[in-house]
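Enquirer: need a structure here:
(chains A and B)
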There are 2 protein chains.
Amino acid sequence: MSRLLLDISVSLDGYVAGPDLSMADPLGRGGEQLHEWIINTAAWRAPHGHEGGEHNADDDVVIEHLGRIGATIMGRRMFSGGAGPWADDGNANGWWGDEPPFHHPVYVLTHHEREPLALGDTTFTFVTEGGIEAAVAQARAAAGARDAVIAGGADVAQQGLRAGLVDELQLHVAPVFLGGGRRLLEDVPPGRLERLRTVESPAGVVHTRYAVAR
Amino acid sequence: MSRLLLDISVSLDGYVAGPDLSMADPLGRGGEQLHEWIINTAAWRAPHGHEGGEHNADDDVVIEHLGRIGATIMGRRMFSGGAGPWADDGNANGWWGDEPPFHHPVYVLTHHEREPLALGDTTFTFVTEGGIEAAVAQARAAAGARDAVIAGGADVAQQGLRAGLVDELQLHVAPVFLGGGRRLLEDVPPGRLERLRTVESPAGVVHTRYAVAR
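Expert: Okay, here's the model as predicted:
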């Protein structure tokens, strides 16, 4: 059976986005620094239509991850930045472009019903009933022999952890203090994890993978 | 000139002590798990009068640290768990025993004046004037050719970071969720750090040392 990962970039002070989040600044002040490491890898650049990029330890982490994942779960804010009815969402097709980088089914948790949206070879399915459990069940089924991943944001990540659904956690800790913003790990259930692997990145990021006791 | 380190064990969810801190449970619920890695090293056990202990990567981290540090700064709560006038502190000699493990000068930040306290070959000096800047200046002077360290707790650590006094940060991240408690990195100044070194511990702890831009 397919496993559920939580895989996310986070600042050293524990934030997945900086202060003063807005539609114009969806990662918050300084938040783009969390993603520099991945944006500079060849494995990330190619499917996004960009040339070049580094072949390094960061790239290996991305290649491994892309090969493993068959379905992605995300929150509404990660999809479009919006909230409320879709008719009022000025970014209702999301900010992932006409050729989103997923290339597998994506499940978006939202309170607002909507037909699935196909963009390129990625289909976004909007899960409005059954919460995180339903989204994870659908993603696991869709992932087949591969694994499913919660990609963000913090709310959905916390829902997955609190529901005891997460098998593995991979944190990409960027060498940055954001000083505030949206915290990833807040009110999660106490417990031990097992460290599986740490990769030291040339960008100063520490990638660590943990098994989460369920 | 001697450098200022901040060196502290922290849970994966960012706490230096668990929920429900009290004099009876000074590390809070589950907090003792943050320190298991160090308590099991030979380098830590010997000066505390315990036999045995592991010679491993964790031990190397402790040996390196002990050889480097010439003075320690801590908060009142880390010293004794108390607050308020010393006459009312039921633990006024602290909980570090008759032979404290420091073997160098220790500076305790407190609002309550007191003569220095010598226990074994460790002298505790109580800094009541000039705040973190004064404590750091005294510790640096006392450390001589060695470095000074802020050992905790979270309040003093944050004071050091906010005042821009910290040169290096070493985090010992334990593979544990505490689910709440005293958070280490809260409202710290935004900025980049430089990762200097990561050590993977057999106990599942990730020790990472960073240079902090000042």
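Enquirer: surely A:Arg76 meets A:Val108?
Expert: Yes: A:Arg76 sits in contact with A:Val108 when judged by CB atoms under 8 Å, with a separation of 6.1 Å. In this view, the C-beta of every residue, glycine as well, is placed from N, C-alpha and C.
Enquirer: Quick check: residues of chain A near chain B?
Expert: When proximity is defined as CB under 8 Å from any CB of the partner chain, chain A approaches chain B at A:12-14, A:18, A:29-30, A:33, A:171, A:173, A:175-180, A:185-195, A:198, A:200, A:204-206, A:208, A:210.
Enquirer: Strands of chain A, start to end?
Expert: Secondary structure of chain A (DSSP state E): strands at A:4-11, A:15-17, A:69-75, A:106-109, A:117-119, A:122-127, A:147-152, A:168-174, A:176-177, A:182-183, A:191-200, A:206-212.
Enquirer: Is it possible to get a markdown table of these that adds mean neighbour count?
Expert: Output for these, formatted as a markdown table (neighbours: other CB atoms under 10 Å in any protein chain shown):
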| stretch | mean neighbour count |
| --- | --- |
| strand A:4-11 | 23 |
| strand A:15-17 | 25 |
| strand A:69-75 | 24 |
| strand A:106-109 | 25 |
| strand A:117-119 | 15 |
| strand A:122-127 | 19 |
| strand A:147-152 | 25 |
| strand A:168-174 | 23 |
| strand A:176-177 | 26 |
| strand A:182-183 | 21 |
| strand A:191-200 | 16 |
| strand A:206-212 | 22 |
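Enquirer: Show me the one of these that comes nearest B:Ala141.
Expert: The minimum distance between B:Ala141 and those falls on strand A:176-177, with 28.1 Å, by CB to CB.
Enquirer: Run through the neighbouring helices and strands of that closest one.
Expert: strand B:191-200 (3 or more CB pairs under 8 Å, 6 or more residues apart in numbering or on different chains; DSSP states H and E).
Enquirer: Show me what the strand it packs on is in contact with.
Expert: By CB atoms under 8 Å, 6 or more residues apart in numbering or on different chains, the list of residues contacting strand B:191-200 from outside reads A:12, A:33, A:175-177, A:195, A:198, A:200, A:204-206, B:57, B:60-61, B:168-169, B:206-213.
Enquirer: Could you pull up the residues touching the spatially most central residue of chain A?
Expert: Nearest to the mean C-alpha position of chain A, by CA atoms, centre = their mean, lies A:Ala151 at 1.6 Å. Counting by CB under 8 Å, 6+ apart, A:Ala151 touches A:Asp7, A:Ile8, A:Thr72, A:Ile73, A:Met74, A:Met78.
Enquirer: sorry, back to before: for my notes, please list the strands of chain A in JSON lines and give mean pLDDT for each entry.
Expert: Below are the strands of chain A laid out as JSON lines (pLDDT from 0 to 100):
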{"stretch": "strand A:4-11", "mean pLDDT": "98"}
{"stretch": "strand A:15-17", "mean pLDDT": "98"}
{"stretch": "strand A:69-75", "mean pLDDT": "98"}
{"stretch": "strand A:106-109", "mean pLDDT": "98"}
{"stretch": "strand A:117-119", "mean pLDDT": "97"}
{"stretch": "strand A:122-127", "mean pLDDT": "98"}
{"stretch": "strand A:147-152", "mean pLDDT": "97"}
{"stretch": "strand A:168-174", "mean pLDDT": "98"}
{"stretch": "strand A:176-177", "mean pLDDT": "98"}
{"stretch": "strand A:182-183", "mean pLDDT": "98"}
{"stretch": "strand A:191-200", "mean pLDDT": "97"}
{"stretch": "strand A:206-212", "mean pLDDT": "98"}
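Enquirer: Show me the one of these that comes nearest B:Asp155.
Expert: Nearest to B:Asp155, of the strands of chain A and by CB to CB, is strand A:176-177 at 17.1 Å.
Enquirer: Now do the contacts for A:Thr72.
Expert: Contacts of A:Thr72 (CB under 8 Å, 6+ apart): A:Phe102, A:His104, A:Pro105, A:Val106, A:Tyr107, A:Ala139, A:Ala148, A:Val149, A:Ile150, A:Ala151.
Enquirer: between the residues you listed, which is nearest A:Asp89?
Expert: A:Val106 (16.4 Å).
Enquirer: and that closest one, how far is that from chain B?
Expert: Separation of A:Val106 from chain B (CB to the nearest CB, to the nearest Å): 27 Å.
Enquirer: Specify the beta-bridge partners of that residue.
Expert: In this entry, A:Val106 is beta-bridged to A:Thr72, A:Phe124, by DSSP bridges.
Enquirer: if I pick it, what's in contact with it?
Expert: Contacts of A:Val106 (CB under 8 Å, 6+ apart): A:Ala71, A:Thr72, A:Ile73, A:Met74, A:Phe79, A:Pro100, A:Thr122, A:Thr123, A:Phe124, A:Thr125.
Enquirer: Is the third one in contact with A:Ala135, as I believe?
Expert: So that's A:Ile73. Yes: the criterion here is CB under 8 Å, and A:Ile73 meets it with A:Ala135 at 5.0 Å.
Enquirer: who touches both of these two?
Expert: A:Tyr107, A:Leu109.
Enquirer: A:Gly53 contacts A:Asn40, doesn't it?
Expert: Yes: between A:Gly53 and A:Asn40 there is a contact at 6.1 Å, judged by CB under 8 Å.
Enquirer: Could I get the contacting residues of the residue sitting furthest away from the middle of chain A?
Expert: Taking CA atoms, centre = their mean as the measure, the residue most remote from the mean C-alpha position of chain A is A:Ala87, 25.0 Å away. Shown in contact with A:Ala87 (CB under 8 Å, 6+ apart): no residues.
Enquirer: Next one: it from A:Leu119, what distance?
Expert: Distance of A:Ala87 to A:Leu119, given as CB to CB, to the nearest Å: 19 Å.
Enquirer: same thing with A:Ser11?
Expert: Between A:Ser11 and A:Leu119 the computed distance is 30 Å (CB to CB).
Enquirer: Quickly note the distance from A:Ala134 to chain B.
Expert: Taking CB to the nearest CB, one finds A:Ala134 at 25 Å from chain B.
Enquirer: got a list of what the residue nearest to that residue when sequence neighbours are not counted touches?
Expert: Closest residue to A:Ala134 apart from its sequence neighbours, by CB to CB, 6 or more residues apart in numbering or on different chains: A:Val127 at 5.6 Å. Counting by CB under 8 Å, 6+ apart, A:Val127 touches A:Tyr107, A:Val108, A:Leu109, A:Thr110, A:Ala134, A:Ala135, A:Gln138.
Enquirer: And the furthest pair within the residues you listed?
Expert: Within the contacts of A:Val127, A:Thr110 and A:Gln138 form the most distant pair, 13.5 Å apart (CB to CB).
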